[in-house]
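Chemist: Provided below are the primary sequence and the corresponding predicted coordinates.
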Amino acid sequence: IEFCVYHFLQQGVDYILLQNNASTDNTLNIITEMAKNDSRIIVYNNDGDYHSSEALSFLAEEARKLKCEWVIPFDADELWGSTNGLKNDLKDIDEDFVAVEFIFDNFVQNKKHDDLTTMNYKVPAYASDHDIIQNRRSWVEAGPVVKFMVRTHEYIHIPAGSHMYDRDNKPYYFSEDFYAYHLPMRSYQNLITRSEAGKRLIDAGYDPGFGWQNQRFYTIMQNGELQKEFDANFEENGKITRRDGSVIELIRDEYVSTQYKNFKLSKGN
């Protein structure tokens, strides 16, 4: 989370609004300390159940109250940016466009190291959701996923997942000048936690398309193949071995590792 916040500050944003939701690790202490040292960081704490859409929409409304023009609904494992920095490049978007949309890329964790300095590869192409659900492809190949930045407005609403917004009938700008990099650093325990979340969705009668990734993980766990799924999402020698046994070459990209090294240097490490 600290690296993520650092990266967005380097992109020139005016504020970073963070909502901690009943975390059990050291997240709240970290972001509270960061907020003490930087007035651009504002922390909200919610000890209740997590509802993605409510949380995102609340933060978007808070951004509007702060007179921000744009909302960037990012997750803690994502780095968004542009060539000249988000703040500078968003200023050049024609005022007729209410949003900017773009595709984000999945980076792949190294199988032997969990340090971001070794995250030097991203997936070259996307698989269909159907292929992934049928276990022919690895989860890290999911996509293409659309991300967006939207202009603030009264009664702003961001649906769960933050892949769409409530002004779909308004003109938007699709751009290759902006990027969003997803860093799915996942422990095996995290995969179990997501599988358990998938079971709750199934038990509650949700459609298979809602939270399909977690529902898929639960099915895989039931089949005793969670370790195989875990291994299929990690890079080794610039390649990943899919669930079906096929091997794909990844694209070398040192953006994440370089940014992380800069972050460590900024902390004197």
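Modeler: On my side now, so go ahead.
Chemist: Do I have it right that D47 meets T24?
Modeler: No - between D47 and T24 there is no contact, the gap being 11.3 Å when judged by CB atoms under 8 Å. Just so you know, the C-beta spots here come from the backbone N, C-alpha and C atoms, and that holds for glycine as well.
Chemist: I'd like the mean pLDDT over the helix or strand hosting V5, please.
Modeler: Following DSSP states H and E, the helix or strand that holds V5 is helix 2-10. The predicted model gives helix 2-10 an average pLDDT of 95.
Chemist: That one - contacts with which helices or strands?
Modeler: The elements that helix 2-10 packs onto, with contact taken as 3 or more CB pairs under 8 Å, 6 or more residues apart in numbering; DSSP states H and E, are strand 16-21, helix 27-37, strand 78-82, helix 255-266.
Chemist: and it, which residues are buried?
Modeler: Neighbour-count burial for helix 2-10, with 16 or more other CB atoms under 10 Å as criterion, is recorded at 3-8, 10.
Chemist: Next: stretch 84-97.
Modeler: Of the residues in stretch 84-97, those scored as buried under the neighbour-count criterion (16+ other CB under 10 Å) are 86, 89-90, 93, 97.
Chemist: what's the answer for stretch 183-199, then?
Modeler: Residues of stretch 183-199 classed as buried by neighbour count (16+ other CB under 10 Å): 183-184, 186, 191, 194-195, 197-199.
Chemist: For my notes, please list those residues in JSON lines and give pLDDT, distance to G143 and secondary structure for each entry.
Modeler: Formatted as JSON lines, the entries for those read as follows, by pLDDT from 0 to 100; distance: CB to CB, whole Å; DSSP: H, G, I helix; E, B strand; the rest coil:
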{"residue": "L183", "pLDDT": "88", "distance to G143": "14", "secondary structure": "coil"}
{"residue": "P184", "pLDDT": "78", "distance to G143": "12", "secondary structure": "coil"}
{"residue": "R186", "pLDDT": "69", "distance to G143": "16", "secondary structure": "coil"}
{"residue": "L191", "pLDDT": "85", "distance to G143": "19", "secondary structure": "helix"}
{"residue": "R194", "pLDDT": "84", "distance to G143": "18", "secondary structure": "helix"}
{"residue": "S195", "pLDDT": "91", "distance to G143": "21", "secondary structure": "helix"}
{"residue": "A197", "pLDDT": "85", "distance to G143": "21", "secondary structure": "helix"}
{"residue": "G198", "pLDDT": "88", "distance to G143": "19", "secondary structure": "helix"}
{"residue": "K199", "pLDDT": "91", "distance to G143": "25", "secondary structure": "helix"}
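Chemist: count of residues packed around the residue nearest to H157 when sequence neighbours are not counted?
Modeler: Taking CB to CB, 6 or more residues apart in numbering, and ignoring the residues beside it in sequence, H157 has D166 as its nearest neighbour in space, at 4.4 Å. Neighbouring residues of D166 were enumerated by other CB atoms under 10 Å; the total is 14.
Chemist: out of the buried residues of helix 2-10, which one sits closest to Y206?
Modeler: C4 (28.7 Å; CB to CB).
Chemist: Isn't that closest one up against E78?
Modeler: Yes - the criterion here is CB under 8 Å, and C4 meets it with E78 at 7.1 Å.
Chemist: one step back: among the helices and strands packed on helix 2-10, which is the most enclosed?
Modeler: For the helices and strands packed on helix 2-10, the largest average neighbour count (mean count of other CB atoms under 10 Å) is found in strand 78-82, namely a mean of 21.
Chemist: which secondary structure elements does it contact?
Modeler: Using 3+ CB pairs under 8 Å, 6+ apart as the contact definition, the elements that strand 78-82 packs against are helix 2-10, helix 86-90, strand 145-151, strand 178-182.
Chemist: repeat that for 10 Å
Modeler: The elements that strand 78-82 packs onto, with contact taken as 3 or more CB pairs under 10 Å, 6 or more residues apart in numbering; DSSP states H and E, are helix 2-10, helix 86-90, strand 99-110, strand 145-151, strand 178-182, helix 255-266.
Chemist: Could you provide the ones you listed in JSON lines, with additional columns for distance to N37?
Modeler: What follows is the helices and strands packed on strand 78-82, written out as JSON lines (distance: least, CB to CB, whole Å):
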{"stretch": "helix 2-10", "distance to N37": "11"}
{"stretch": "helix 86-90", "distance to N37": "20"}
{"stretch": "strand 99-110", "distance to N37": "28"}
{"stretch": "strand 145-151", "distance to N37": "26"}
{"stretch": "strand 178-182", "distance to N37": "26"}
{"stretch": "helix 255-266", "distance to N37": "13"}
